[in-house]
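Visitor: whatever this is, show me its structure:
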Amino acid sequence: MEVLIKKGAEASIYFGEWCGRKVIFKKRLPKRYRLSELDRTIQIQRTKHEPQMIHRAKEVGVPTPLVFMVDLEEATIIMEYIEGRRIKDILNDLTDNERIEISREIGRLIGRLHKSGIVHGDLTTSNMILTPEGKIVLIDFGLSEQSVDLEARGVDLHLVKRALASAHYRYVDECFNAIIRGYEEEMGPDLTKDVLNRVAEIEKRGRYIAGR
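Guide: Numbering: from 1, shown residues only. The predicted model follows:
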């Protein structure tokens, strides 16, 4: 039996069992506003693309779910269910040291992705799972892309900062600073500075649009 746990704009996420394992079924939904032939092409492309990006992230040392099966006919990905808790649900309740260390590790993982030319595209604390073993696993690569573009990297970090401001506002500065320290360990100071400058530009654009 499959249980719906999240209904998104692009896909529905179900929890269930497959071959004796706890798994996640990610099913891409038809879009009625698109021409059916075009919609089908997009569904297949995105169903193929996400497992490829998950695999690439794993290759560069970023923990991600195992992908067990890709069903293009049903536009469905069957992947490992990660036992643990979302960072979103626990970050506010950690000790100061735990919060800083977890944030720093998040920064290292993002840096590892960016260094290898992967942009996650939806970096929020909802898409990070802390396992019982203390490992952080990144999930939901549906919007990810292969890119070394400064703007794309800046948007990734901007999304993290915005997620912190929304759900963890009391700790946004200390957590984001720790994330950047971890990020710099992977990316080096020069690239980190360039990306942070772009984050600042993106934030200014947002304030300008909001104030119009």
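Visitor: center of this protein, which residue is that?
Guide: Closest residue to the average C-alpha location of the chain: residue 123 at 4.0 Å, with Cα atoms, centre = their mean.
Visitor: quick one: classify it as helix, strand or coil.
Guide: At residue 123, secondary structure determined by DSSP: H, G, I helix; E, B strand; the rest coil is coil.
Visitor: so who does it touch?
Guide: Applying Cβ atoms under 8 Å, 6 or more residues apart in numbering, we find residue 123 in contact with 110, 156, 157, 159, 160, 163. In short, each C-beta sits where N, CA and C put it, glycine included.
Visitor: likewise for residue 92?
Guide: Under the contact definition (Cβ under 8 Å, 6+ apart), the residues listed for residue 92 are 167, 168, 170, 171.
Visitor: got the phi/psi numbers for the residue nearest to the centre of the chain?
Guide: Main-chain torsions, residue 123, degrees, to the nearest 10: phi -80, psi 90.
Visitor: please report how far it lies from residue 170.
Guide: In this view, residue 123 and residue 170 are 20 Å apart by Cβ to Cβ, to the nearest Å.
Visitor: quickly list the domain ranges of the chain.
Guide: For the chain, automatic domain parsing gives the domain ranges 3-80, 85-211.
Visitor: so which of these is the most packed in?
Guide: domain 85-211 (a mean of 18; mean count of other Cβ atoms under 10 Å).
Visitor: so how far is that one off the chain centroid?
Guide: Relative to its chain's centre, domain 85-211 lies at 9 Å (Cα atoms, centre = their mean, to the nearest Å).
Visitor: please report phi then psi for residue 11.
Guide: Dihedral angles of residue 11 (phi, psi; degrees, to the nearest 10) stand at phi -150, psi 160.
Visitor: repeat for residue 119
Guide: Taking degrees, to the nearest 10, you get phi -110, psi 130 for the backbone angles of residue 119.
Visitor: and for the one 10 residues further on?
Guide: Dihedral angles phi and psi of residue 129 (degrees, to the nearest 10) take the values phi -110, psi 130.
Visitor: and it, what does it touch?
Guide: Residue 129 sits next to 82, 84, 85, 86, 87, 136, 137, 139 when contact means Cβ under 8 Å, 6+ apart.
Visitor: checking residue 23 next. Helix, strand or coil?
Guide: Classified using three-state DSSP, residue 23 is strand.
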